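Colleague: I'll drop the sequence and a predicted model, then ask my questions.
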Amino acid sequence: MARRPLPRILSNGGAQLARSRELARTAADSATDVLQPLITIARGLRRLAAAARRRWSETPKDRRGALLFLAASVVLVVALVPYGPLLAAISLMAAAAWQGRDRTPSEPEGPDDSQTKRLQSLYEALVPYFSLAEDPDPLYAHGGDWEKAFPAYEFDDDGRFAHLVIRYPAYFTDGEAESRARIEHLLAAKAGRGREYHFAWDEEANHLCVDVLTALPTDIAAQRFVTAPGETVLGFTDPTRVQRTLPLTHGEERRDVPPVVWRTGIRSTEPHLLVLGQPGTGTSTLLRSVALQAVHHGDLLIVDGGGTGEYACLVGRDGVLAVECGLTGALTSLEWAAAETERRLIAVNRARQEGRPAPDDTRRPLWIFLDRPSALAHLASTDGRRDPQSLLQVPLRHGRAANVTVVVADQLDALSDLGDAVRQHTRARVVLGPATAEELATVLGAPPHTTPVPQVPPGRGYARLGTGPVHRLQVPATPDPYDDATSDAHRQAVLDLLPPRTTPADGEQAPVPAEAPVGTATTEQGDTAGKRDPAGETATTDKAVRTVKTVVTDKTVAADGSAATGPREPGTPAEPASEPEEPGDPGKPVADVQSAPVVLEAAAVAQAPSEAATVGPVRTEKVPAEAVAAETS
Ligand SMILES: Nc1ncnc2c1ncn2[C@@H]1O[C@H](COP(=O)(O)OP(=O)(O)OP(=O)(O)O)[C@@H](O)[C@H]1O
């Protein structure tokens, strides 16, 4: 029997109402069963009354008197006959019961012919995997009964499996990944390719539950997510494994979607993230999405090894320390980041020893984004210079205590080019785009419980936080707003999230022509050439005047203020820096050193002669852009 809809208050309640809702539903179902005869008779009486009314209205007016007389005569006879009223009442009830019976054709029991064929063929396909010659009473045997093997099944409107429960013999090696993978592969092929399946192995009951997964939403655009401080939304997933949902806006529509939330900061167990994927699968987009969330609470240092200008929209924004595209800039800024991590660590340790809270200048999160480090490593090796990844060792190892988070993205086949520190300390992992089960297991540390599909939309993949479950993931659409192919709605969504451009606090500013963007950036390769700024501003081009802000701290300085190594000028080749020493290193007494981050701000005018720079903690100078670009190539 069809279930009756419950009152709104019961059907709309939260999770805590689920139990009472189920109780109410059961009570309603039981009451309906008990009162079924009365309901049928009442329905029949209603139908008889409706038929009598219809008959009366259809009778011509001149015959209604005769009809009335006939009815009155029948009533009189019935009243006079012994037991007449009783017999009449019984007859009426019987007629009402007959009329009131449920006339909707009942659903055919069991599967139809084509469904039976599917079930039988799947059963036959499983026989070699789930049977043993020595088994005296096999559950699976050629020509056997599939009904014992498949206790539950559902089909979709196209006649394909939507849900299937499979029993298997206890001797099947369901604890071995290869055995499971073989069965999952077979089921995915037999139940229909091109769909994603979720496999739940119940080893205790020897049951395998197969469900078809609905596609993850690809239409969610970048937006301000409702999260707590230290939480970053990597994307969206299935509701099965995630208890929480995020309220999202989609145009006028509002909906709740289960997110994959990554926690960073001092209490995080996965403080750093590694994103891998085939080219063009959305790794840079995920980094941009994370950066747009992080920039509102922290400082960002972005190194774009691909040099494709994917992060041009962040250049010069409030909270963005630098966007580096070339090797020199990458080395310089990562050296500074390593020194800054050490400085924070020392300051936090000292404060703890003295029983004070951590100093304010260690609390604002520092984010280091490194996109395509393998490209920079290749450049560095051909140039005989240091691999920038080696400078990540300190932020990766000590970043959690120092509020420093590292996010690295690269192509899937570059996994072996990544440094040991990157591979060891990035415990939050994402793989985007098509990947084999082996690749997923290698990167994520565990295979997903779903079938990888060959064709996926950009931004689709898997995420795993530490030793947690592997989630399917869809990254919110966060395209480059300066890309001409970006739709207006998505461009506006990203532009709305960008913080305002930084204005120098002291009023000092490098000479910048009117059409040049006011802001701070390092674009050593002129990668943003030709990009359009939809806000009407002209983006940085090869020939255009560039404003460069590079945060440089080459070395720590002695407590007396004398710098061990002076701040390097932007554009000068970096000396291969020595490995930053560990805090507490006997060769570097903690009490004797303090870091000296120095901010150099320079405006580089293309093909303009360089001028002598003023020496000081904050300097403004002009640097020929060509000279800078030449060093990075
Ligand atoms: N989550 C997403 N939703 C919608 N479109 C996306 C998503 N992620 C990426 N794209 C689109 O896919 C294309 C490639 O994205 P992206 O540049 O981020 O990939 P990539 O992996 O960094 O590639 P490459 O390494 O070649 O730069 C872009 O056009 C981008 O807009």
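Modeller: All right, it came through fine.

Colleague: Can you pull the residues of the stretch 351-500 of the chain lying near the ligand?
Modeller: Contact residues (C-beta under 6 Å from any ligand atom) of the stretch 351-500 of the chain with the ligand: 458-459, 475, 477, 479. Yep, even glycine has a C-beta here, placed from its N, CA and C like the rest.

Colleague: Close to the ligand: what parts of the stretch 151-300 of the chain are there?
Modeller: Of all the residues in the stretch 151-300 of the chain, those lying near the ligand are 277, 279-285, going by C-beta under 6 Å from any ligand atom.

Colleague: Identify the farthest-apart pair in those.
Modeller: Pro279 and Thr285 (12.5 Å; C-beta to C-beta).

Colleague: what about the two, which has more around it?
Modeller: Shown here are Pro279 and Thr285; by other C-beta atoms under 10 Å, Thr285 has more neighbours (23 against 11).

Colleague: confidence score at Pro108?
Modeller: We have a pLDDT of 62 for Pro108.

Colleague: 55 is where my numbering starts, stick with that
Modeller: Will do, 55 is the new start, and the previous item becomes Pro162.

Colleague: Counting by contacts, list what the strand or helix carrying Ser338 packs against.
Modeller: Using DSSP states H and E, Ser338 falls within helix 337-348. Packing contacts for helix 337-348, counted by 3 or more C-beta pairs under 8 Å, 6 or more residues apart in numbering; DSSP states H and E, involve strand 285-290, strand 327-331, strand 353-358, strand 420-425, strand 458-465, strand 482-486, helix 542-551.

Colleague: Spatially central residue for the chain, please.
Modeller: Gly289 (1.8 Å; C-alpha atoms, centre = their mean).

Colleague: Surely it touches Gln528?
Modeller: Yes. The pair Gly289 / Gln528 is scored as a contact, 5.1 Å apart, by C-beta atoms under 8 Å.

Colleague: which residues do the two both contact?
Modeller: Shared between the contact lists of Gly289 and Gln528 (criterion: C-beta atoms under 8 Å, 6 or more residues apart in numbering) are residues Gly513.

Colleague: re earlier: could you export the helices and strands packed on helix 337-348 as JSON lines, including mean pLDDT?
Modeller: Shown next, in JSON lines, are those (pLDDT from 0 to 100):
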{"stretch": "strand 285-290", "mean pLDDT": "96"}
{"stretch": "strand 327-331", "mean pLDDT": "97"}
{"stretch": "strand 353-358", "mean pLDDT": "96"}
{"stretch": "strand 420-425", "mean pLDDT": "96"}
{"stretch": "strand 458-465", "mean pLDDT": "96"}
{"stretch": "strand 482-486", "mean pLDDT": "96"}
{"stretch": "helix 542-551", "mean pLDDT": "94"}
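
Colleague: Need these in JSON lines (columns: distance to Gly520).
Modeller: Shown next, in JSON lines, are the helices and strands packed on helix 337-348 (distance: least, C-beta to C-beta, whole Å):
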{"stretch": "strand 285-290", "distance to Gly520": "13"}
{"stretch": "strand 327-331", "distance to Gly520": "11"}
{"stretch": "strand 353-358", "distance to Gly520": "24"}
{"stretch": "strand 420-425", "distance to Gly520": "19"}
{"stretch": "strand 458-465", "distance to Gly520": "15"}
{"stretch": "strand 482-486", "distance to Gly520": "7"}
{"stretch": "helix 542-551", "distance to Gly520": "28"}
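
Colleague: Go through the residues of the stretch 405-554 of the chain next to the ligand and name the one nearest the ligand.
Modeller: Gly513 (2.2 Å; C-beta to the nearest ligand atom).

Colleague: Could I get the contacting residues of the closest one?
Modeller: Gly513 neighbours (C-beta under 8 Å, 6+ apart): 272, 289, 335-336, 339-340, 486, 528-531.

Colleague: If we use 10 Å, what do you get?
Modeller: Residues in contact with Gly513 (C-beta atoms under 10 Å, 6 or more residues apart in numbering) are 270, 272, 274, 289-290, 331, 335-337, 339-340, 343, 486-487, 527-533.

Colleague: farthest-separated two in the residues of the stretch 405-554 of the chain next to the ligand?
Modeller: Farthest pair in those, by C-beta to C-beta: Val529 and Pro533, 10.9 Å.

Colleague: With neighbour numbers in mind, choose between those two.
Modeller: Neighbours were counted for Val529 and for Pro533 using other C-beta under 10 Å; Val529 has more, 32 against 24.

Colleague: quick one: contacts for the more buried one?
Modeller: 270, 272, 274, 276, 287-290, 314, 329, 335-337, 339-344, 484, 486, 511-515, 517.

Colleague: Type out the ChimeraX command that picks the buried ones from the residues you listed.
Modeller: Buried members of those, defined by 16 or more other C-beta atoms under 10 Å, are picked up in ChimeraX with:
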select :270,274,276,287,288,289,290,314,329,335,336,337,339,340,341,342,343,344,484,486,512,513,514,515,517
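
Colleague: which SSE is Arg526 in?
Modeller: Short version, using DSSP H and E: Arg526 is in strand 524-528.

Colleague: Low-confidence bits of the chain, can you list those?
Modeller: 55-72, 159-162, 305, 557-687 (pLDDT under 70).

Colleague: ok, the residue lying farthest from the centre of it to Leu141 distance?
Modeller: Relative to the centre of the chain, and counting by C-alpha atoms, centre = their mean, the farthest-placed residue is Leu134 at 81.5 Å. Leu134 sits 12 Å away from Leu141, going by C-beta to C-beta, to the nearest Å.

Colleague: Spatially, what comes nearest to Trp511 if we skip its sequence neighbours?
Modeller: In this structure residue 511 is Pro, not Trp. Excluding its sequence neighbours, the residue lying closest to Pro511 (C-beta to C-beta, 6 or more residues apart in numbering) is Thr272, at 5.0 Å.

Colleague: Repeat that for Glu285.
Modeller: Val315 (5.1 Å).

Colleague: Run through who's touching the helix or strand containing Ala143.
Modeller: Secondary-structure assignment from DSSP H and E places Ala143 in helix 138-154. For helix 138-154, contacts defined as C-beta under 10 Å, 6+ apart pick out 91-105, 128-133, 135, 137.

Colleague: Please repeat the previous calculation with a cut-off of 7 Å.
Modeller: By C-beta atoms under 7 Å, 6 or more residues apart in numbering, the list of residues contacting helix 138-154 from outside reads 94-95, 97-99, 101-102, 132-133.

Colleague: from these, which ones fall inside helices?
Modeller: 94-95, 97-99, 101-102, 132-133 (DSSP state H).

Colleague: Where does the stretch 105-254 of the chain get nearest to the ligand, which residue?
Modeller: For the stretch 105-254 of the chain, C-beta to the nearest ligand atom, closest residue to the ligand: Glu250, 17.0 Å.

Colleague: Contacts for stretch 125-137, please.
Modeller: 138-139, 142.

Colleague: Buried ones among those residues?
Modeller: Among the contacts of stretch 125-137, those buried by neighbour count (16+ other C-beta under 10 Å) are Ala142.

Colleague: correct me, but Asp425 touches Gly360?
Modeller: Yes. Under the criterion of C-beta atoms under 7 Å, Asp425 makes contact with Gly360 at 5.8 Å.

Colleague: Looking at those two now, which is surrounded by more residues?
Modeller: More crowded of Asp425 and Gly360, by other C-beta under 10 Å: Asp425, with 26 against 21.
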